[in-house]
Structures are given as C-alpha cells and as structure tokens.
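A.B. asks: please work out how this folds:
(chains A and B)
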Number of protein chains: 2
Amino acid sequence: MNILIVYAHPKPDSLTGALKDVAVQQLRSDGHEVAVSDLYAMGWKAHADPDDFGEVDETNFMLASGEAFDNGTLTADIRAEQEKLLWADTVLLHFPLWWFSMPAIMKGWVDRVFTCGFAYGAGGTAIPRYGAGVLSGKRAMLVVSIGGREPSYSDRGINGHIDDLLYPINHGILYYPGMDVLPAFPVYGTLRVNDERFEEIAHALRQRLSEIDKIDPINYRPQAGGDYDRTLRLHEGLERPGSRGFDLHVA
Amino acid sequence: MNILIVYAHPKPDSLTGALKDVAVQQLRSDGHEVAVSDLYAMGWKAHADPDDFGEVDETNFMLASGEAFDNGTLTADIRAEQEKLLWADTVLLHFPLWWFSMPAIMKGWVDRVFTCGFAYGAGGTAIPRYGAGVLSGKRAMLVVSIGGREPSYSDRGINGHIDDLLYPINHGILYYPGMDVLPAFPVYGTLRVNDERFEEIAHALRQRLSEIDKIDPINYRPQAGGDYDRTLRLHEGLERPGSRGFDLHVA
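C.D. replies: Numbering: from 1, shown residues only, chains lettered A, B, ... in the order given. All right, here's what the predicted structure looks like:
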C-alpha cells in the first residue's frame, strides 16, 4: 500500500516523533511505500489566508478556496499535499493531544489542504460527503500522544471520552471526505515513559500497523445511506439502545 | 468590565469580522473597556515551537514552556496575551467553525498562550483546574459563524450537536483554567446572509452582550467539588437521568 504519515511535533526526540519513526520503519519493512509530511520540518504555514489562492474573483473566503482549486491556482505546498492524499491508500495522523485537539500546525494542514472543491462543496458545488467523497476507499487512523492518564479519558472521565474528543477529527475531518476511519491508537501518560514502557508501546503500535489493512473501521453512518432525513437529522428509532450524542452516528 | 475579544478571520469584510465590529461597538457603548486581539492583523504565529521559550534547560516540550513561563523568557507576543487575559473580566472568542473546530491561527493562540505554569500544571507543578485556576472568576463566550444549517448541528444532526462539538473548547480550554463559560452564540447558514438577516443576527448579538454579566454559565462540575473519584471519573449515580458522554460533566 501507499501510506501517508502526517506528523506534527516540534521536537524530533519527542515520544510522538519516536512513534512516527517506529511506524515508518515497520510499514517499510512490511513492504509499503511510505511518505511523511513532517509539518514542522517542512515549515508548514499554519494559517489559511488569501495568499493560498493566487488570483481569484470570489470574495467569500470559503468559496475563494474552491475557485482557486478549480483554477489550479492554489499554492504549491497545498497542491502537493492534495496529491499525496490522492496517492495514499492509508493516511496516519501522528500528533500530541494539545488542549484536547490537534496542534495548530496540523489543524492548519487540514484548513489549507481540505479546500472547497477538493474535500467539500459549498454554494453551487455539491460534493458527496460522510462516507463518500474524494478520499473514499482510503483508510485513516490517528496515533495520539496524551499527557494525562487513561481513566480521565474514559466513559466517565472528567476530560470527556477520548472517542468523543476525537470525533470532530475522525468523523468531521476524515470520514467527511470519504475515508474509512480506524479506531485511534492513543498513548496515555506520556510524561512518564521509560525504556521498558516505550518498548511496550512500540510493540503494540507495530502490531496494530501490521493489521492496518484488516482492522474494521468505525461504523459511521453514511449521509446517503437513508439513515438521515432531508435536514440531516437521524431518523427516529435507528439508534442503538441508550445511544446519545456523537454515538448516534455509529450504526 | 474589561473585555478581551480574540478574533480570527482572514477577511475583515467577513460575517465573522462584521459581528466582531458589532460586539466592539455595543460593548464600548455599554461602558466597557474593550481590547481586541485580531490574530490575522497581528500576524500571530500559529505554531508552537521552542523559539517561544528563550533559553531553557528542559527538553520535554510541555515542561519547557513551564520553565520559560517561570523564568519570564516566553516571547513578548505570548506574554502580552497572558497579560490581556489577566486584565480581562470577560473573554469572547470570535471565529468561524472550520472543520468542526477553531481556525488553526486561534488554536495556535491557545497552544502558545495557555502555557504550562500559566494555564495548566505538569510534572512537579500541580495547578487547580476545571473550575479553578489562573482565570477563575472570569467569564468566557464563543461567537461562532457556521456555514451549515442548524438542524445538522442539533441533537440528532449528522455533524454532531453543536454543544458537543464546542465542548473541547468550552470545557477543555476555557473552563479548564477556571473561567465560567456562557452558552455559545452560534450563527448558522453564514453563506446566505442578506442585509435583513444580518440585522437580525446583529440585534440578537447586541442583546446577548447587553446581558453578558447576568447570563448563567454552563454548570460544569468542578474537579475539586467531590463529584470525581481519584482517577477523575465521575462517581456513579451523580448523572442526570439519561445523561451520557460530555453531558455527564454538566451538573
């Protein structure tokens, strides 16, 4: 397979960086082609602005990104990432959980690369989404380093369940343009990782990656599968017993 | 009151920009002191990296931000924002919802300004959090422009409920260092706002802002209030009937 790793940590000697290295090594030794977008090393521009678009007529910011996509005037760095996404069969995002989401530089990769026309439609452009779209048929998985301990990210944990915290990324960013999203690979307690613990984590990650083409994706409901009404609300009675919130959108 | 508006949109003539102007005008005419951090106009650096810290000994990135905070070696732009937060009685974040979260430049404001030692503790530094902390006693509110329509962000909407999508920000970023978080002010369907609709929205926002010192905050559970066990899981039986997920943490 072709595998794209998008990686964001300011320090190569971080746990996040070390796990990215483990992934690259394991996937290559399994015979995959691996490309890495190391956002800090690339000096990735994090903020989306009109300089991304070249010459456009449109004044609405979102629609302007669509015009630039259609006209091929997006900046070279953005077009290169879109090409990598099209090349990839599987996309891994490696990042530390900062303030319960991805670091700004990775959010800026999403904001700038997932343009109108490419990853979503707006205005006159309708694009299939949620289970369909430009990236459909591909797989995606998050590898997330988390400073806190697991119970505080469990079902009753004060931070909220990790699956709910990651839902805006898994469902809202990856599933939206059509990717099949695998359960995340979270690593907790990252402030206290000795060599022994690191080897355990690295072993578990290698194991996971060796099965990456076999793991069942999260069973999100496709938008066009008949489960939603015309206002995009889930039809009554389809939810699993006791299901609420984000969990409604898992079939 | 002293009110800090943190605002992120690349185009001043956007709806988000226009609503920020409405807020500034209304709050000043109500007699408040208003400071605006216009992140795009400031050329705010979005990505957190070791250049933020000056000279530090610590190699762990998170702990290094704490050492820099303690030693006063954080860059001037970060220290200025921390000062504004300390000055403010109320903080408003004005932003468009991009990929179900804040734009990267605003996430970078959080990542860089909410440093270890200031907004959170780690390693040897324990800092009270969730309902206590450096910003306790202050109020915060999100003003969010959303391209999609309201039903798709309702209880059964395909995108997830807006309150759940904003939970990582409201609870995880604002409540964490102690702020009282007011219900967000979301504006939907922002691709289609004519003059009449704009006046309705502006009127509703002015109304909301005129009551900003009286609105009841979201009743999140404080970490130290006895509702959580030692692993930071909510004690059994405390939840409201039918409550699940993020909603567990509202008393």
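A.B. asks: model confidence for residue A:243, exactly?
C.D. replies: Looking at residue A:243, its pLDDT stands at 87.
A.B. asks: contacts only, for it.
C.D. replies: Residue A:243 makes contacts with residue A:250, as judged by C-beta atoms under 8 Å, 6 or more residues apart in numbering or on different chains. No exception for glycine: its C-beta is placed from N, CA and C like everyone else's.
A.B. asks: my read is it is in a helix, agree?
C.D. replies: No. Residue A:243 sits outside any helix when classified using DSSP: H, G, I helix; E, B strand; the rest coil, being coil.
A.B. asks: residue boundaries of the strands in chain A?
C.D. replies: A:2-7, A:33-38, A:90-96, A:139-145, A:180-181, A:185-187 (DSSP state E).
A.B. asks: now these as a markdown table including mean neighbour count?
C.D. replies: Output for these, formatted as a markdown table (neighbours: other C-beta atoms under 10 Å in any protein chain shown):
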| stretch | mean neighbour count |
| --- | --- |
| strand A:2-7 | 22 |
| strand A:33-38 | 17 |
| strand A:90-96 | 24 |
| strand A:139-145 | 24 |
| strand A:180-181 | 22 |
| strand A:185-187 | 20 |
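A.B. asks: near chain B, which residues of the stretch 1-150 of chain A?
C.D. replies: Within the stretch 1-150 of chain A, the residues that sit near chain B (C-beta under 8 Å from any C-beta of the partner chain) are A:9-11, A:13-14, A:40, A:44, A:46-50, A:59-63, A:98-105, A:107-108, A:110-111, A:114, A:122-123, A:130, A:147, A:149.
A.B. asks: rewinding a little: so can I have TSV of the strands of chain A showing distance to residue A:232 and mean pLDDT?
C.D. replies: As requested, the strands of chain A are exported to TSV (distance: least, C-beta to C-beta, whole Å; pLDDT from 0 to 100):
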stretch	distance to residue A:232	mean pLDDT
strand A:2-7	28	98
strand A:33-38	32	98
strand A:90-96	25	98
strand A:139-145	22	98
strand A:180-181	19	98
strand A:185-187	29	98
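A.B. asks: closest to residue A:220 out of those strands?
C.D. replies: When the strands of chain A are compared by C-beta to C-beta, strand A:180-181 sits nearest residue A:220, at 7.0 Å.
A.B. asks: and the closest one, what does it pack onto?
C.D. replies: When contacts are defined as 3 or more C-beta pairs under 8 Å, 6 or more residues apart in numbering or on different chains; DSSP states H and E, strand A:180-181 sits against strand A:139-145.
A.B. asks: swap the cut-off to 10 Å and go again
C.D. replies: Contact partners of strand A:180-181 among helices and strands, from 3 or more C-beta pairs under 10 Å, 6 or more residues apart in numbering or on different chains; DSSP states H and E: strand A:139-145, helix A:162-169.
A.B. asks: go through the strands of chain A and name the closest to residue B:73.
C.D. replies: Going by C-beta to C-beta, the one of the strands of chain A nearest residue B:73 is strand A:90-96, 22.2 Å.
A.B. asks: give me the angle between that closest one and strand A:33-38.
C.D. replies: Here strand A:90-96 runs at an angle of 30 degrees relative to strand A:33-38 (axes from the mean of the first three to the mean of the last three C-alpha atoms, to 10 degrees).
A.B. asks: check contacts around the residue most central in space within chain A.
C.D. replies: The centre of chain A sits closest to residue A:174, judged by C-alpha atoms, centre = their mean, with a distance of 4.9 Å. By C-beta atoms under 10 Å, 6 or more residues apart in numbering or on different chains, residue A:174 lies in contact with A:91, A:93, A:110, A:114, A:135, A:138-142, A:166, A:180-182, A:217-218, A:220.
A.B. asks: next: residue A:49.
C.D. replies: Per C-beta under 10 Å, 6+ apart, neighbours of residue A:49: A:61, A:111, A:112, B:9, B:10, B:11, B:40, B:103, B:105.
A.B. asks: got a list of what the fifth one touches?
C.D. replies: When the contact criterion is C-beta under 10 Å, 6+ apart, the partners of residue B:10 are A:47-52, A:61, A:64, B:16-17, B:39-41, B:96, B:103, B:105.
A.B. asks: just the buried members of the residues you listed?
C.D. replies: Buried by 16 or more other C-beta atoms under 10 Å in any protein chain shown: A:47-49, A:52, A:61, A:64, B:16-17, B:39-40, B:96, B:103, B:105, out of these.
A.B. asks: what's the most distant pair in the residues you listed?
C.D. replies: Counting by C-beta to C-beta, the most remote pair of the buried ones among the contacts of residue B:10 is A:64 and B:39, 19.2 Å apart.
A.B. asks: show me where pLDDT drops low in the stretch 101-250 of chain A?
C.D. replies: Within the stretch 101-250 of chain A, the stretches with pLDDT under 70 are A:123-125.
A.B. asks: please redo it, this time with the cut-off set to 90
C.D. replies: A:122-127, A:191-192, A:240-244 (pLDDT under 90).
A.B. asks: helices along that one, start to end?
C.D. replies: A:104-113, A:162-169, A:195-210 (DSSP state H, counting those that start in this stretch).
A.B. asks: include distance to residue B:204 when you put these into JSON lines, please.
C.D. replies: Formatted as JSON lines, these follow (distance: least, C-beta to C-beta, whole Å):
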{"stretch": "helix A:104-113", "distance to residue B:204": "28"}
{"stretch": "helix A:162-169", "distance to residue B:204": "26"}
{"stretch": "helix A:195-210", "distance to residue B:204": "48"}
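A.B. asks: out of those, deepest packed?
C.D. replies: With neighbours defined by mean count of other C-beta atoms under 10 Å in any protein chain shown, none of these is more surrounded on average than helix A:104-113, at a mean of 26.
A.B. asks: give me the phi and psi angles of residue A:240.
C.D. replies: phi -70, psi 150 (degrees, to the nearest 10).
A.B. asks: would you map out the domains in chain A?
C.D. replies: A:2-218, A:221-250 (the TED database).
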